[in-house]
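Chemist: need coordinates for the following:
(2 chains)
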Amino acid sequence: GESVGLHLPTLSVQEGDNSIINCAYSNSASDYFIWYKQESGKGPQFIIDIRSNMDKRQGQRVTVLLNKTVKHLSLQIAATQPGDSAVYFCAENDAGNQFYFGTGTSLTVIP
Amino acid sequence: GAGVSQSPSNKVTEKGKDVELRCDPISGHTALYWYRQSLGQGLEFLIYFQGNSAPDKSGLPSDRFSAERTGGSVSTLTIQRTQQEDSAVYLCASGRAGGQTQYFGPGTRLLVL
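Modeler: Okay, here's the model as predicted:
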């Protein structure tokens, strides 16, 4: 999983397989989380978000799971496609104005 | 609808020159953030604007960096006397309010020679 300060983790998956990208956070006061996708040469793109009163939220081909007990967040991508290749960031907010971002995980989809 | 736009998309400058980067947020968004992203790194917070309130400048790395937001909309980030270590992608994001979902622009890629 990703954590602020570490070099970029990488994940390679076969096209059609499911991908799981993990994120650990340290602030127990964080109550809002976002996953972003950043393709090469582009800005981060919002994928899905979740608030702390939920432990799971589903979107189109993506699911975010939140485990507040161990302060862990994951992004699951179903039937991964080549277009899913990108860097994925988690961001956390503790009801303040700022978000705190991890360094990201680089996902490579092998055709 | 229109997203966050930034200009220029790329900027090459010489060490010691000043640069101005522009951000046009999504219409109606009162929160605006500037971040810096170095190669392979996460997002480094620089400055935050919320409506007409005083900006949060706590992330600006030195007094060579400044930003303003005119009329609660367009923002410019100015870097004076650029240094090679300023080379990075500068990202702008806007949101309906602080702590709400942020939407990012495409970034300005700055290269200081």
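Chemist: now tell me what touches the helix or strand bottoming out on mean pLDDT in chain B from outside.
Modeler: The element with the least model confidence among the helices and strands of chain B, by mean pLDDT, DSSP states H and E, is strand B:43-50, at a mean of 93. Taking contacts as Cβ atoms under 8 Å, 6 or more residues apart in numbering or on different chains, the residues outside strand B:43-50 that touch it are A:44, A:89, A:97-98, A:101, B:30-38, B:55-61, B:65, B:67, B:69, B:75, B:77, B:90-91, B:97-98. Where C-beta positions appear, they are placed from N, C-alpha and C, glycine not excepted.
Chemist: what's the PyMOL line that selects buried ones from these?
Modeler: Applied in PyMOL, the following selects the buried portion of those according to 16 or more other Cβ atoms under 10 Å in any protein chain shown:
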select buried, (chain A and resi 44+89+97+98+101) or (chain B and resi 30+31+32+33+34+35+36+37+55+56+59+60+65+67+69+75+77+90+91+98)
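Chemist: secondary structure class of A:Gly83, three-state.
Modeler: At A:Gly83 the chain is in helix, as set by DSSP: H, G, I helix; E, B strand; the rest coil.
Chemist: A:Cys23 now?
Modeler: When the structure is split into helix, strand and coil by three-state DSSP, A:Cys23 lands in strand.
Chemist: bridging residues for the most centrally placed residue in chain B?
Modeler: Taking Cα atoms, centre = their mean, the centroid of chain B lies closest to B:Trp34, which sits 3.4 Å from it. Beta-bridge partners of B:Trp34, counted by DSSP bridges, are B:Ile47, B:Cys92.
Chemist: looking at it, it is touching B:Cys92, isn't it?
Modeler: Yes. In this structure B:Trp34 lies within contact range of B:Cys92 using Cβ atoms under 8 Å: 5.7 Å.
Chemist: perfect, I'm done here.
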